[in-house]
Structure formats: C-alpha cells, structure tokens
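Colleague: Predicted coordinates and the sequence they were generated for:
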Amino acid sequence: MPGGGGVTDLSARVDALLAQCDPATTAPQEFLRARFDAGLARVDYPVGRGGLGLDPVLQETVDRALSAAGAPGNDPDNNVIGLGMAAPTLLAFGTPEQLDRWLRPLWTGEELWCQLFSEPGAGSDLAGLATSAVRDGDAPDADWVVNGQKVWTTLAHQARWALLVARTDPTVPKHRGLTYFVVDMQAPGIEIRPLRQITGETEFNEVFLTDVRVPDAYRIGAVGAGWAVTQGTLMNERVQYTSGPAPRGSGPIGCVVEAWRAHPEQRTAGLQTRLLELWVDAEVARLAAARLGQQIAAGQPGPEGSAAKLEYARLNQAISSLELDLLGDDGLRYADYTTRMPVMEPEETKEPGWRYLRSRANSIEGGTSEILRNIVAERVLGLPAEPRADKNTAWKDLPR
Ligand SMILES: Cc1cc2nc3c(=O)[nH]c(=O)nc-3n(C[C@H](O)[C@H](O)[C@H](O)COP(=O)(O)OP(=O)(O)OC[C@H]3O[C@@H](n4cnc5c(N)ncnc54)[C@H](O)[C@@H]3O)c2cc1C
C-alpha cells in the first residue's frame, strides 16, 4: 500500500494527528488543514494530496476515530459539488500546480465549488452548449474570454470556484469543440441571479458570463478535449447520489418507518404493504450502492452508476409520497415558504413536505431519468443506440 502502510499505521497516524492538534483547543479549520496534510482527509487520495493511496474502505476507520475524539468534520453537505465532482475531476485531469492550488481548501470547505454546465438550450444535450471561450491572442498560454449563459447552477451564490465547459471551436462536431475550465466566481463579468424552487429555496441560479477572463492555467485537460473531462465529472455526479455508505434503514426510508411507528392511527393494510415493499427496495438500493462504492474505489464509476441513480430517483419519490400518505394532512403542512438561500442539510432533518417537494428534482438533476434509461439501454444492455444525426456536423451548422 503506497505511502500509508496498514491499518495499524493508519491508527498511529490518527493518534499522531490528535496529539499534534487537540480538537478541544484547535480551531476547526486549522484541524482540517492538519488532517489534510497528514493524509487523513480521504485516505484514497494520492500521497501528498490529502490521502495515502489506501483502500477507501479504511476511511470509515479514520472518520470514526476522529469523530470519537471530538474532531470537526468537513461538512460535505455544504460542499457537495466540490467534494463529489470537482475533487475527482481535478485528481483525474488536473496538473500538479492545479492540485496544489485547489484541492486543500476544497476539501477543508474553505472554498466551495459549483458546476457551470447546463444552459437554457443545453441540458440533456449538454454537448450542444453555446457558451464560448475564445483565446485573447495567439500566444499558447493566452487568457480565454468567456461569454454565455448557464442555468440551474447549484450553490453559484456561495461558490468561490466553478467547473465550466465551454465551446472553443464551433467549426467541428459538437463533442469535439469543447474545453473544460475552472472559473473564479469572483471574476469581473459574472452575474448570478437566484432561481426560486418549488421548496421555496433558491438552491440554484442563472449565471451570466460577459467577457470573463480565464487564465490558461485554469484549463483542465487539452483544448478540445473538454467532453472527456465532462464525462468524468458526470459519472462522478451520478454515483454521488447513490454510493455513500448508509446504515440499514437510514435516510428517507428511516423517516417513513419512524412516521409509521409514531402514527398507529393512520395504518392501513395497503400502507403496510407499500412500506414493506419500499423497505426491501431501499435495502436493495443500499446494498447496490455499497457495491458501486467498491467499483468507484477501483476507479471505475461506470455506466452502472446511471442505473443506480435512476432507481434512487424512483425510490426517493415513492418513499416521500408514502410518507405524506401516512401522515395525512399534517404531512402537507409546510412551515416556511419564504424565499431563502438554502442551508444544505441531510434530508432526514427536513420536514416531510419539503422532502416530497424536493424529491421531484431527483429525476431531473444529475441527468434526467429518460437520459439515464438511454445510457443503461445502450451501455449496460447493449441495445441499439439512439440515432444521432448531428454526430458529424459542425456545431455552427446545427439548427438552433
Ligand atoms: C435541483 C437541480 C439542481 C441542478 N444543479 C445543476 C448544477 O449545479 N449545474 C448544472 O450545470 N446543472 C444543474 N442542473 C440541471 C440539470 O442537469 C438539467 O436540468 C438536466 O440535465 C436536464 O436538462 P434540461 O433541464 O435542459 O431538460 P431537457 O434536456 O430539455 O429535457 C426535457 C425533457 O426531455 C427529455 N429528453 C431530452 N432528450 C431526450 C432523449 N434524447 N431521449 C429521451 N428523453 C429526452 C428529458 O429527459 C426531460 O424529461 C440541476 C437541475 C436540478 C433540477
């Protein structure tokens, strides 16, 4: 095991970190930085990059020991795009300089990230996007000038950095003319407008980019190779919904079971059957997620993640519907419908009405269920591909 040694060595490293930074007297941020430097941020990250190149299953041992010692967590709910999508993308495609700049404050939560992919005319057909990035001059390391509009940008209002995919060559077919960048969300020319969701929150935004300058040093991967990098991000996004280690009966299904116990007066045979079926489905999904987690650990997020995300959306919507049916009128009461910036919290801590409304987005965000069915059909089941008439046409000649 490169750099890290075995489990004993890992325990020794945890002990050494706790001896060096007593969580009782060390500021949380300082502790998290020291934890990253000790290779205990994510044990599967490379040595020198917050990890030890170890099997990710060992992470739980570290988390448990540090939490028992009163150490602060890195609040992943708040930095879901940074940890779930930006970090794996940077690790796979970033230069050493880029990793030095971005990985540590990303992991400690000092810098939040967002994802500037979707556009009003390019969601499922992401490769058709129109936001342009044009080099300012002929020098190979000249800045890029970005113009366009993005939409549904989760956390844009809080993010310091964004993952951006932009068109750098409109004269070639759509997948080939894209390049991937990191953008400073504080750069001049970026305007963020909140969008209100069905839950009342403004979790996502429209983002307008007008002559935004992006240094070439912020380019991820080669010019024109943005689609491959984007695919890496999207695969990590899909598994993000499903691959976390969850205890049996936890999450939304746990909330319904709790409601079932608390409201014996609402029970019917029909609701009981639905609960039992969904409990079994949730357990199957949990075990499948554990398997997927192992695949990711082996560096293969794979198309199976699409099947898991598809099922997650179906299940979450069915579970939140059952919860409302079980709670009757009480379940529909929604305490706060003021427009507000979201505080990203685990779903279990929210109200049933919020869970129901928020679950409607599950079959859209991170790839719609229809698109995921296409992926499963083509890449898992090997069924004939959807006709793609625009595959060999220059993007500039496509009808829009
Ligand atoms: C809560 C939430 C958060 C989001 N956060 C972000 C974010 O942070 N960053 C970001 O970039 N985007 C984000 N998105 C956007 C999301 O990725 C897109 O909404 C999604 O990809 C769908 O694109 P669209 O909305 O343009 O719908 P469209 O692509 O226009 O699709 C409309 C309908 O047509 C169906 N459809 C389209 N093409 C096909 C096809 N070939 N076969 C079968 N059916 C098809 C779709 O499945 C859908 O039902 C978020 C969305 C939500 C709901």
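Modeller: Done, it's in.
Colleague: now for the longest strand seen in the chain, which elements pack on it?
Modeller: What stands out as the longest strand in the chain, according to DSSP state E, is strand 204-214. Here strand 204-214 touches strand 144-150, strand 178-184, strand 190-195, going by 3 or more C-beta pairs under 8 Å, 6 or more residues apart in numbering; DSSP states H and E. In this view, the C-beta of every residue, glycine as well, is placed from N, C-alpha and C.
Colleague: Out of the ones you listed, which gets nearest to the ligand?
Modeller: Relative to the ligand, the nearest member of these by C-beta to the nearest ligand atom is strand 144-150, separated by 6.3 Å.
Colleague: Restricting to C-alpha, output the closest one in CSV.
Modeller: What follows is strand 144-150 as a C-alpha-only set of coordinates in CSV (Å, rounded to 0.1, in the frame of the first residue of the first chain):
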residue,chain,number,x,y,z
TRP,A,144,-9.5,32.9,-22.5
VAL,A,145,-12.5,35.2,-22.8
VAL,A,146,-15.8,33.5,-21.9
ASN,A,147,-19.3,34.7,-22.9
GLY,A,148,-22.6,32.9,-22.4
GLN,A,149,-25.4,31.9,-20.0
LYS,A,150,-25.7,29.0,-17.7
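Colleague: mind listing what the residue lying farthest from the centre of the chain touches?
Modeller: Distance to the chain centre peaks in the chain at E265, reaching 39.5 Å (criterion: C-alpha atoms, centre = their mean). Going by C-beta atoms under 8 Å, 6 or more residues apart in numbering, E265 touches no other residue.
Colleague: Go through the longest strand of the chain and flag the buried ones.
Modeller: For strand 204-214, burial by neighbour count (16 or more other C-beta atoms under 10 Å) applies to F204, N205, E206, V207, F208, L209, V212, V214.
Colleague: So in that sheet, which strands flank the helix or strand just after that strand, and in what orientation?
Modeller: For strand 204-214, the following helix or strand on the C-terminal side (DSSP states H and E) is strand 219-220. The pairing partners recorded for strand 219-220 under DSSP bridges are strand 178-184 (antiparallel).
Colleague: tilt between the strand it pairs with and strand 144-150?
Modeller: Interaxial angle of strand 178-184 relative to strand 144-150 (axes from the mean of the first three to the mean of the last three C-alpha atoms, to 10 degrees): 90 degrees.
Colleague: avg pLDDT for strand 178-184?
Modeller: Taken as a whole, strand 178-184 has an average pLDDT of 98.
Colleague: Could you write out the alpha-carbon coordinates of that strand in CSV?
Modeller: The C-alpha coordinates for strand 178-184 follow below in CSV (Å, rounded to 0.1, in the frame of the first residue of the first chain):
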residue,chain,number,x,y,z
LEU,A,178,-15.4,21.8,-26.1
THR,A,179,-12.8,22.7,-23.5
TYR,A,180,-13.0,22.4,-19.7
PHE,A,181,-12.0,25.2,-17.3
VAL,A,182,-12.1,26.3,-13.7
VAL,A,183,-13.6,29.8,-13.3
ASP,A,184,-13.1,32.2,-10.4
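Colleague: Pull the number of nearby residues for whichever residue of the stretch 1-150 of the chain sits closest to the ligand.
Modeller: Residue of the stretch 1-150 of the chain nearest the ligand, by C-beta to the nearest ligand atom: G123 (1.8 Å). For G123, the neighbour count with other C-beta atoms under 10 Å is 17.
Colleague: what residues does this protein put near the ligand?
Modeller: Contact residues (C-beta under 6 Å from any ligand atom) of the chain with the ligand: 114-115, 117-118, 123-124, 152-154, 204, 361, 364-365, 367-368, 370-371, 374, 386.
Colleague: Return the subset of those residues lying in helices.
Modeller: Judged by DSSP state H, the residues of the chain next to the ligand include E370, I371, N374 as members of helices.
Colleague: Could I have the buried ones of those as PyMOL selection syntax?
Modeller: Selecting only the buried entries of these in PyMOL, with 16+ other C-beta under 10 Å as the criterion:
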select buried, resi 371+374
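Colleague: Output the ones in helices among the residues of the chain next to the ligand as CSV; include the columns distance to P72.
Modeller: Output for those, formatted as CSV (distance: C-beta to C-beta, whole Å):
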residue, distance to P72
E370, 41
I371, 38
N374, 42
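Colleague: Between the ones in helices among the residues of the chain next to the ligand, which sits nearest the ligand?
Modeller: E370 (3.2 Å).
Colleague: now the helices: where do they sit in the stretch 151-300 of the chain?
Modeller: 226-240, 251-262, 269-297 (DSSP state H, counting those that start in this stretch).
Colleague: Need the winner for burial among those helices.
Modeller: Most buried of the helices of the stretch 151-300 of the chain by mean neighbour count (mean count of other C-beta atoms under 10 Å) is helix 226-240; its value is a mean of 22.
Colleague: Next, the contact list for the closest residue to L58 other than its chain neighbours, please.
Modeller: Among residues not flanking L58 along the chain, V43 sits closest, at 5.0 Å (C-beta to C-beta, 6 or more residues apart in numbering). By C-beta under 8 Å, 6+ apart, the residues touching V43 are G4, L10, G51, L52, L54, D55, P56, L58, Q59, V62.
Colleague: Out of those, name the ones that lie in helices.
Modeller: Reading helices off the contacts of V43 with DSSP H, I get L10, Q59, V62.
Colleague: since we're on the second one, how many residues are nearby?
Modeller: Going back to what we said before, that points to Q59. Neighbourhood size, Q59 [other C-beta under 10 Å]: 20.
Colleague: Also the first one?
Modeller: Burial of L10 is recorded as 22 neighbouring residues (other C-beta under 10 Å).
Colleague: Surely P56 and R42 touch.
Modeller: Yes. Counting by C-beta atoms under 8 Å, P56 touches R42, with 7.3 Å between them.
Colleague: who's more crowded, those two?
Modeller: Set side by side, P56 and R42 show more neighbours around R42, with 22 against 17, by other C-beta under 10 Å.
Colleague: quick one: that one is in a strand?
Modeller: No. Going by DSSP: H, G, I helix; E, B strand; the rest coil, the assignment for R42 is coil, not a strand.
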